[in-house]
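Enquirer: sharing a sequence plus its predicted fold:
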Amino acid sequence: MKSDSRKRGRRRLDERLRALQPIDRFRAPPKGWVRALRDALGMTGAQLGKRIGVRPQTVEAIEKSEAAGTIQLNTLRRAAEALDCTLVYALVPNSSLETVIESRARKIATRELQRVAHTMRLEAQGTDEVDFESRVQAYIRDKLSERDLWNEA
């Protein structure tokens, strides 16, 4: 039951995040969004600083920290508001969440079943490779829970 609910939640989240693909279109400009927007608006660092309530040198530090990827979200949010923008923050999976779960389960099942097969070969009790895929599916279905997928790296 809980697994079905989690699966529905993943599908809903995948659907929402699909609109953010491809993520390349959200890649920040080389000097960062704050600097790009400030320049596009024709706003000086001193003017932006006044709108945020900081010195011009602090605006320069904000822009540098954004470009370096070290800016704090609350600082970026304040700068965005001063530029009449909304900060949009998201973690966008590289593939669907369902694909991530399936891939992780397959990796664990394959590793475990290969370990068993190796031990059996050492004992001269080799297993038939033909049904390996069905054994992987059975292992995933019968032995793994979603929580088990993340116990190790």
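Expert: Okay, I see it. None of the values given here were measured: they were computed from a predicted structure. Residues are numbered from 1 along each chain as shown.
Enquirer: distance from the chain centre to the helix or strand bottoming out on mean pLDDT in the chain, please.
Expert: Across the helices and strands of the chain, mean pLDDT, DSSP states H and E gives its lowest value to helix 97-122, namely a mean of 83. In terms of C-alpha atoms, centre = their mean, to the nearest Å, the centre of helix 97-122 is found 23 Å from the chain centre.
Enquirer: for that helix, name the packing helices and strands.
Expert: helix 2-18, helix 132-143 (3 or more C-beta pairs under 8 Å, 6 or more residues apart in numbering; DSSP states H and E). C-beta coordinates here come from the backbone N, C-alpha and C atoms, glycine included.
Enquirer: let me see the domain layout of the chain.
Expert: According to automatic domain parsing, the chain comprises the domains 21-82, 97-150.
Enquirer: let me know which of those domains is tucked in deepest.
Expert: Of the domains of the chain, the one with the most neighbours on average (mean count of other C-beta atoms under 10 Å) is domain 21-82, at a mean of 15.
Enquirer: the domains of the chain: which one's closest to Val88?
Expert: Closest approach to Val88 among the domains of the chain is made by domain 21-82 (8.4 Å; C-beta to C-beta).
Enquirer: average model confidence for the closest one?
Expert: The average pLDDT for domain 21-82 rounds to 96.
Enquirer: let's number from 4 now, not from 1
Expert: Let's use 4 as the start, then, which means that last one is domain 24-85.
Enquirer: start and end of that domain, how far apart?
Expert: Criterion C-alpha to C-alpha, to the nearest Å; first-to-last residue distance in domain 24-85 is 28 Å.
Enquirer: what helix or strand does the residue nearest to Leu86 when sequence neighbours are not counted sit in?
Expert: Distances taken as C-beta to C-beta, 6 or more residues apart in numbering place Leu40 nearest to Leu86, at 4.9 Å, with adjacent residues excluded. Here Leu40 sits within helix 36-44, counting by DSSP states H and E.
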